[in-house]
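>>> whatever this is, show me its structure:
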Amino acid sequence: MEEFEKDMGSILAQQGISRRGFLKFCAFMAGTLALPLDKVPRVAAALESVSRPPAIWLEFQDCAGCTEALLRASRPTVTEIVLDVLSVDYHETIMAAAGKQAEEAKASTIEAGGHLVIVEGSIPTKDNGLYCCIGGHTAMDILEEATRDAAAVIAVGNCATFGGLPAANPNPTNAVGVRDLVKHIPVVNLPGCPLNAVNLTATVVHYLTFNSLPARDHLARPLFAYGKRIHDNCERRSHFDAGQFVEEWGDEGHRLGWCLYKMGCKGPETYHNCPTVRYNDGTSWPIMAGHGCIGCSEPGFWDTMTPFYQRLPEVPGFGVEATVDKLGLGMVALTAAGVAAHAIGSAVRKKMTAPASESPEQGDKDD
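Modelled structure (predicted):
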């Protein structure tokens, strides 16, 4: 228990993190949450004074990809410290305890109440949920028990949020996302395949700083992370606007970093902060690396976004498909029109600014 009472300063000192490094982390979190800079001190104060809220991390129908993403989070390294401040009392993949000891740790946290439940993986509901059992209990029963007196649920990855791959057609286990079953407490969805651990950290920081969950869209996704389309922040957007598209893998346009929309990129209809947060220590993300977005933060993406390497017949509400093939010609025409307009304007200005002594007749005579 003594370890749980340590403040952030003590934890930072033990980990060799300087005060300056901590404040840089707070500024990064504020930026991720789209908070103004004057909120940085509040973030720092909240993290320094926080007592560790307990959390239970459950895994159901999943590949453990989100856990792997969590373990590899490295920007900034203080991310791990914040997750230390969030007392993860139960996590099947990384906890030291096993069997009876692990179950007792989970039971005691649930009994105390007021905890956070983090869920990875979808929940099968067919045949009373028998297709995913842990310790003799179904995923449905475990989720119901864990959320009984919890403060909130954070669903991580597309499987936990929308059913993901297990729920793809024909969905033999009738897999669903957390929000389909949990109705009595708030649910935050952090989709992605896998999730970006930065968004999980930012959600936790918001919760610790403001004692509330971040604002969410109609799919329960935080607006700070899922409020804008990938297309709007993509570094290849200028090539889309210029009508410069990759026509086949490895062609000149692909080598030059042109737009991947014709190769099946789903960026125009996917909401996520991948272009700004990126992955692997902020190094890159799929489109930057030359691979189109597959829409993994959207509901049912395994069915609705396939084939991944072909354009969809239409992008709802966006009108991209109707104009994409004409953009190149349109830009050429627009450029030609602009040149012509500039030439006409120059001639008019020259005419209007000609010296008063110069008459059209004099000009003709000089010619």
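>>> count of residues packed around the residue lying closest to residue 114 once chain neighbours are set aside?
Nearest non-adjacent residue to residue 114, counting by Cβ to Cβ, 6 or more residues apart in numbering: residue 151, 5.3 Å away. C-beta coordinates here come from the backbone N, C-alpha and C atoms, glycine included. A count of nearby residues for residue 151, using other Cβ atoms under 10 Å, gives 18.
>>> tell me the contacts of residue 151?
53, 114-116, 185-186 (Cβ atoms under 8 Å, 6 or more residues apart in numbering).
>>> just residue 112 next, same as before
Listed by Cβ under 8 Å, 6+ apart, the contact partners of residue 112 are residue 54.
>>> how close does residue 35 sit to residue 226?
Here the distance between residue 35 and residue 226 works out to 16 Å (Cβ to Cβ, to the nearest Å).
>>> more crowded one of these two?
Ranked by neighbour count (other Cβ under 10 Å), residue 35 and residue 226 place residue 226 first, with 23 against 20.
>>> tell me who's in contact with that one.
Counting by Cβ under 8 Å, 6+ apart, residue 226 has contacts 191, 217, 219, 271-273, 297.
>>> hang on, residue 161 packs against residue 189?
Yes: with contact defined as Cβ atoms under 8 Å, residue 161 reaches residue 189; the gap is 4.0 Å.
>>> overlap in contacts of the two?
With Cβ under 8 Å, 6+ apart as the test, residue 161 and residue 189 both reach 155, 177-179, 219-221.
>>> tell me which of those is nearest to residue 246?
residue 221 (29.0 Å; Cβ to Cβ).
>>> count of neighbours near the closest one?
Neighbours around residue 221, by other Cβ under 10 Å: 24.
>>> show me where pLDDT drops low in the stretch 251-367 of the chain?
By pLDDT under 70, the low-scoring segments of the stretch 251-367 of the chain are 313-367.
>>> could you show me where the strands are in the stretch 151-300 of the chain, in order?
Taking DSSP state E, counting those that start in this stretch, the strands of the stretch 151-300 of the chain run over residues 152-156, 175-176, 187-190.
>>> within its sheet, name the partner strands of the first one and how each one runs.
Read that as strand 152-156. Strand 152-156 sits in its sheet next to strand 116-120 (parallel), strand 187-190 (parallel), going by DSSP bridges.
>>> residues of it that come out buried?
Of the residues in strand 152-156, 152-156 count as buried by neighbour count, 16 or more other Cβ atoms under 10 Å.
>>> rewinding a little: what would the strands of the stretch 151-300 of the chain look like in JSON lines with distance to residue 128 and mean pLDDT?
As requested, those are exported to JSON lines (distance: least, Cβ to Cβ, whole Å; pLDDT from 0 to 100):
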{"stretch": "strand 152-156", "distance to residue 128": "21", "mean pLDDT": "97"}
{"stretch": "strand 175-176", "distance to residue 128": "14", "mean pLDDT": "98"}
{"stretch": "strand 187-190", "distance to residue 128": "22", "mean pLDDT": "98"}
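>>> switch the ones you listed over to JSON lines; also include distance to residue 210.
Below are the strands of the stretch 151-300 of the chain laid out as JSON lines (distance: least, Cβ to Cβ, whole Å):
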{"stretch": "strand 152-156", "distance to residue 210": "13"}
{"stretch": "strand 175-176", "distance to residue 210": "30"}
{"stretch": "strand 187-190", "distance to residue 210": "14"}
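>>> of those strands, which is nearest residue 72?
Residue 72 sits nearest to strand 152-156 of all the strands of the stretch 151-300 of the chain, at 14.1 Å, using Cβ to Cβ.
>>> ok, residues contacting the closest one?
66, 116-120, 147, 161, 177-179, 182, 185-191, 194-195, 200, 203, 207, 213, 220.
>>> next, count neighbours for residue 292.
21.
>>> how close does it get to residue 271?
Taken as Cβ to Cβ, the span from residue 292 to residue 271 is 16 Å.
>>> domain ranges for this protein?
3-226, 228-367 (automatic domain parsing).
>>> which of the ones you listed sits most buried?
domain 3-226 (a mean of 19; mean count of other Cβ atoms under 10 Å).
>>> circling back to that earlier point, ok, the shared contacts of residue 161 and residue 189 vs residue 304, which is closest?
residue 219 (13.6 Å).
>>> name the nearest residue to that closest one, ignoring sequence neighbours.
residue 189 (6.0 Å).
>>> just checking, that neighbour touches residue 218?
No: Residue 189 lies out of contact with residue 218 (Cβ under 8 Å); the separation is 10.6 Å.
>>> for residue 200, what are its contacts?
Residue 200 neighbours (Cβ under 8 Å, 6+ apart): 70, 118, 154, 156, 190.
>>> what stretches of the stretch 1-150 of the chain score poorly on pLDDT?
In the stretch 1-150 of the chain, residues with pLDDT under 70: 1-13, 15, 49-51, 74-85.
>>> quick one: the strands in it?
Counting by DSSP E, counting those that start in this stretch, the strands of the stretch 1-150 of the chain are 54-59, 87-91, 116-120, 123-124, 133-134, 137-138.
>>> would you list the ones you listed in TSV and tack on distance to residue 28?
Converted to TSV, these look like this (distance: least, Cβ to Cβ, whole Å):
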stretch	distance to residue 28
strand 54-59	22
strand 87-91	22
strand 116-120	21
strand 123-124	33
strand 133-134	36
strand 137-138	39
